[in-house]
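Peer 1: Any chance you can model this:
(chains A and B, ligands or ions: 2)
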Amino acid sequence: MGKQITRRDFLKAGGQILAGGIFFSAVSMVIPRVAGSADGDIVNSKWQQTWAKQTWGFVVDTEKCIGCGMCVKACKEENGVPMDEEVFRTWVERYVMAAGGQTHIDSPNGGLDFNAITIDNAKKSFFVPKLCNQCDNPPCTKVCPVGATYKTGDGVVLVDGERCIGCRYCIQACPYGARFLHPQKKTADKCTWCYHRITKGLLPACVQVCPTGARIFANLQTPGNPVSRLLETKRVDVLKPALGTEPMVYYMGLDKVVV
Amino acid sequence: MTGYVYPNEIEVNWGLFIVLYPYITGLVAGAFIVSSLYHVFGKEDLKPVSRLSLVSALAYLMVAPLPLLLHLGQPLRAFNILWTPNPNSAMAGFGYIYSFYMIVVLLEVWFIFREDLVHYADNSTGVTRFGYRMLTLGARDISPPTLAMDHKIVTVLAMIGIPSAAFLHGYVGFIFGAIKANALWSTPLQPVIFLMSAVVSGIALQILIYAAACKFRKRRIDMACLKTLNKFLWAFLIVDVLLEELDLLQKAYEAREAWPAIHTLFEEAIPLTHFTQIWIGAFIPIVLLIIARWDRVSNAAQRLLTIMSSAMVVIGVFAMRFNVVIGGQMISKSNVGLTSFQAHLVADEGIIPTVGILVLPLIILVVLIRILPPWLEGEAAMTGDH
Ligand code: SF4
Ligand code: SF4
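Peer 2: Ligands and ions are numbered 1, 2, ... in the order given. Next up, the predicted model:
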């Protein structure tokens, strides 16, 4: 038998290994941050200037929506959301209320496939387009374990598809059902208000194609923009205000039965 | 599907693997606590299971991250949780808490089995000898003072281990409890409920493993040990049921907008697993466990009743995890509809891989037991009936 290693030696060595481990993990935690913030500064200064010039506003006028589903289709095409899968960045809901107080709600294939229905004693009916509310206090970004989903300086909540691990925690956290796992990319996906378009001065695809003007979008910093005008002169509401998410999509003509 | 469900909610996002995750970590926490009851609190009665439960905890702990990993859309990026964690996310803590806990358990196993390892190394030859020598990490001094030191270290480790086990599992409860969008999950009681059911499932599992081990080794079950386990199981079960029912009662009484949906969920969508959770997993075992401690009942009946109750509890807790994880997602965020859940056989976190992951720790346990036999000397052999 060779030299006996004493317990003391062993514990000492163990302690050193442990200390080394802690040091290493501490360093590895700090390094990416430092590196990240270094190029982050350059990126930031460019974006900071862009963000300073824009604050987005989105209004949905439910009185105008006719449930044609053009927005749903345009959105899927614009954003690479598979047309034949039941996942949606935006969708349209139909509400039909009967005299007895019964409400029928549906959104067949997200509103792409509305067909006529017969409801006895129907008195009131309307459509409600839905999309991510780009919450000012978003519960979805808070829960992401890797920080893959975040809020930009101009208030849009985005998902970094290269960072997302597909754990779907954010999908659970969104109270509006606005998120889904992209069937092909296997990462979280949701409405971005067409960030790639709006940052180039274009309108979101859904707003662009809506034939009745039920979706109104603008940079609130542009003088005389339609969204500011509406927010200043009309009564508006948001979805599920009690949850404290502070939605940034405003609704006109909302009814208490809207979920 | 009933009522109106948001179009993105037609598929349930967290499937059976995420049912396994709290279930398995719960078993780990529970098994560890059983072993600590002896090591820290000096519950001498539990000596026959103390080492066995520690090894079981290790076996289950090894499997715990597997369902999570397999569930990820991008499993290759799993380590991002460690490299770039988001401090605001409850889930981000998993990697750290898990690793820490793993270290504690491994150290404890090593210190407890070190003396055995040295003996095994001395009494074997060839590869086996080499293997055991490696496992001793070169620390082959087994003089009484060193062993006494080992003992002290084990106590300290177990003392660190208890709060870590509680944290590991309470935190799993927080992952669910902190989601305000989900009416069933969102309650500050969730971490405590998860912790209690974890302890309950862990003790019950330990009873089963111990009974099975005795059967295979033709040893008699130590009645004092079994009775103590029975008592602990019973006490924790009562606290667990109390908390779960309190939570439900409060939800029913407050009758917020989501209550009708929760009610329909239990009554119509998952009545079977709900029944299993409440009756098979709690009320019936609570009664059986009392009977099993009654002196007028024969030893054989006491054993049978305790083992039966444990099996029921283990199933009941699984049903509870299912009801929370899957049931909670079946309630649409619209609060006016329920989506349906269809378990596949193989694909999409199917039933067969789920059963596979449930069996895996037992296989690991058998292997671990072969390497590190946790048995104590002087156990009574099975002689005749009793
Ligand atoms: S609507 Fe949902 S996905 Fe969009 S920001 Fe709010 S919580 Fe996040
Ligand atoms: S699915 Fe992706 S974006 Fe969502 S919480 Fe998980 S890692 Fe973050």
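Peer 1: From residue B:318, how far out is residue B:211?
Peer 2: Going from residue B:211 to residue B:318 by C-beta to C-beta, to the nearest Å gives 19 Å. Where C-beta positions appear, they are placed from N, C-alpha and C, glycine not excepted.
Peer 1: More neighbours: these two, which one.
Peer 2: residue B:318 (21 against 18; other C-beta atoms under 10 Å in any protein chain shown).
Peer 1: What helix or strand is the residue in the stretch 251-386 of chain B positioned nearest to ligand 2 located in?
Peer 2: Closest residue of the stretch 251-386 of chain B to ligand 2, C-beta to the nearest ligand atom: residue B:329 (14.6 Å). In this structure, residue B:329 is located in helix B:328-330 according to DSSP states H and E.
Peer 1: ok, back up a step: please name the spatially closest residue to the residue of the stretch 251-386 of chain B closest to ligand 2 (chain neighbours excluded).
Peer 2: residue B:12 (4.8 Å; C-beta to C-beta, 6 or more residues apart in numbering or on different chains).
Peer 1: tell me the secondary structure for that neighbour?
Peer 2: coil (DSSP: H, G, I helix; E, B strand; the rest coil).
Peer 1: And the pLDDT for it?
Peer 2: If you check residue B:12, the pLDDT there is 94.
Peer 1: now swap in the one 10 residues further on and tell me
Peer 2: Reading off the per-residue confidence, residue B:22 sits at a pLDDT of 95.
Peer 1: And residue B:91, by the same measure?
Peer 2: So, for residue B:91, pLDDT stands at 90.
Peer 1: list the contacts for residue 180?
Peer 2: I'll assume chain A. A:87-88, A:171, A:188-190, B:8 (C-beta atoms under 8 Å, 6 or more residues apart in numbering or on different chains).
Peer 1: not quite, I wanted chain B
Peer 2: A:139, A:175, A:243, B:186.
Peer 1: Could you pull up phi and psi at the last one?
Peer 2: For residue B:186, the backbone dihedrals are phi -70, psi 100 (criterion: degrees, to the nearest 10).
Peer 1: Closest residue of the stretch 51-200 of chain B to chain A?
Peer 2: residue B:73 (1.9 Å; C-beta to the nearest C-beta).
Peer 1: related to what we said a few turns ago, and the residue nearest to residue B:329, how many neighbours?
Peer 2: Neighbour number of residue B:12 under other C-beta under 10 Å is 21.
Peer 1: thought it was touching residue B:325?
Peer 2: No: contact between residue B:12 and residue B:325 fails when scored by C-beta atoms under 8 Å: they sit 9.1 Å apart.
Peer 1: With the flanking residues excluded, which residue is spatially nearest to residue B:302?
Peer 2: Counting by C-beta to C-beta, 6+ apart, the residue nearest residue B:302 is residue B:292, at 4.9 Å.
Peer 1: which non-adjacent residue is nearest the residue in chain B that ligand 2 sits nearest to?
Peer 2: Nearest residue of chain B to ligand 2: residue B:73, at 6.8 Å (C-beta to the nearest ligand atom). Spatial nearest neighbour of residue B:73, excluding adjacent residues (C-beta to C-beta, 6+ apart): residue A:166 at 1.9 Å.
Peer 1: That neighbour - how many residues pack around it?
Peer 2: Around residue A:166 there are 21 residues (other C-beta under 10 Å).
Peer 1: what do you get for the one 10 residues further on?
Peer 2: Other residues within reach of residue A:176, judged by other C-beta under 10 Å, total 24.
Peer 1: Let me know the secondary structure of it.
Peer 2: From three-state DSSP, the assignment for residue A:176 is coil.
Peer 1: My read is that it contacts residue A:249, right?
Peer 2: No: using C-beta under 8 Å, residue A:176 makes no contact with residue A:249, being 9.3 Å away.
Peer 1: Near ligand 1, which residues of chain A? Just list them.
Peer 2: Within chain A, the positions lying close to ligand 1 (C-beta under 6 Å from any ligand atom) are A:132-135, A:138-140, A:157, A:174, A:176, A:178-179, A:190, A:245.
Peer 1: go again using 5 Å as the cut-off
Peer 2: Contacts of chain A with ligand 1, taken as C-beta under 5 Å from any ligand atom, map to A:132-133, A:135, A:138, A:140, A:157, A:174, A:176, A:178-179, A:190.
Peer 1: Please list which of these are also close to chain B.
Peer 2: The residues of these that also fall near chain B, by C-beta under 8 Å from any C-beta of the partner chain, are A:174, A:176, A:178-179.
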